[in-house]
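> Okay, here's the prediction I keep looking at, along with the sequence it came from:
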Amino acid sequence: MTIGRVRFYALQDRVKGDFVHSKEIVMHDEVLYTEHSSRAYLRAARIAAFAAFAALGAQVSARIPITPVPFTLQTLFVAMAGITLGARDGFFAMLVYIACGAAGAPIFAGFSSGLWAILGHTGG
């Protein structure tokens, strides 16, 4: 019994005759994740959920008189995205958050949006 391992293998594509390399993560002899699996929708949902959590956390803020930058719960959700989703998917979640805000959705601190909010002194 193996606690955790990554299994690499090659499959022959029956249509083209080429070999397709794949990767799967195996835990306790059960396949948890396959690179070419149908769980991509679950991964996308987790990325979108943490982008939404960061947007909600940005609205909970406390202003301190000595600085124009508000303290928000957004940093908590950014760290949680990296810890929970991993570096790559956490990065994609924050990229989705920034792209939505740059496109005009009022999701930055204080319900601000747009490129000027990102390029301003508070950085969104």
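Nice, I can see it.
> Any figure for the gap between the residue lying closest to R63 once chain neighbours are set aside and S61?
Among residues not flanking R63 along the chain, P70 sits closest, at 5.1 Å (CB to CB, 6 or more residues apart in numbering). In this view, the C-beta of every residue, glycine as well, is placed from N, C-alpha and C. For P70, the distance to S61 (CB to CB, to the nearest Å) stands at 4 Å.
> Overlap of the contact sets of those two?
109-110 (CB atoms under 8 Å, 6 or more residues apart in numbering).
> can you pull out the helices in this protein?
40-59, 74-85, 87-103, 115-119 (DSSP state H).
> helices or strands next to the longest one in the packing?
For helix 40-59, the helices and strands in contact under the criterion 3 or more CB pairs under 8 Å, 6 or more residues apart in numbering; DSSP states H and E are strand 71-72, helix 74-85, helix 87-103.
> If you average pLDDT over each of these, which is lowest?
The minimum mean pLDDT among the helices and strands packed on helix 40-59 belongs to strand 71-72 (a mean of 85).
> Neighbouring strands - and their directions - for it?
Counting by DSSP bridges, the strands paired with strand 71-72 are strand 61-62 (antiparallel).
> residue ranges with poor pLDDT in this structure?
1-38, 122-124 (pLDDT under 70).
> Tell me how it divides into domains.
5-34, 40-119 (automatic domain parsing).
> Quick check: which of the ones you listed is buried the most?
Highest mean neighbour count among the domains of the chain (mean count of other CB atoms under 10 Å): domain 40-119, with a mean of 16.
> how long is it end to end?
The first and final residues of domain 40-119 sit 33 Å from each other (CA to CA, to the nearest Å).
> heads up, I number from 72, so please use that
With the count now opening at 72, the last piece we talked about shows up as domain 111-190.
> rewinding a little: mind listing what the residue nearest to R134 touches?
132-135, 180-181, 193.
> could I get these as JSON lines with distance to F124?
Listed next are the contacts of P141 as JSON lines, based on distance: CB to CB, whole Å:
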{"residue": "S132", "distance to F124": "15"}
{"residue": "A133", "distance to F124": "18"}
{"residue": "R134", "distance to F124": "22"}
{"residue": "I135", "distance to F124": "23"}
{"residue": "A180", "distance to F124": "14"}
{"residue": "G181", "distance to F124": "18"}
{"residue": "T193", "distance to F124": "20"}
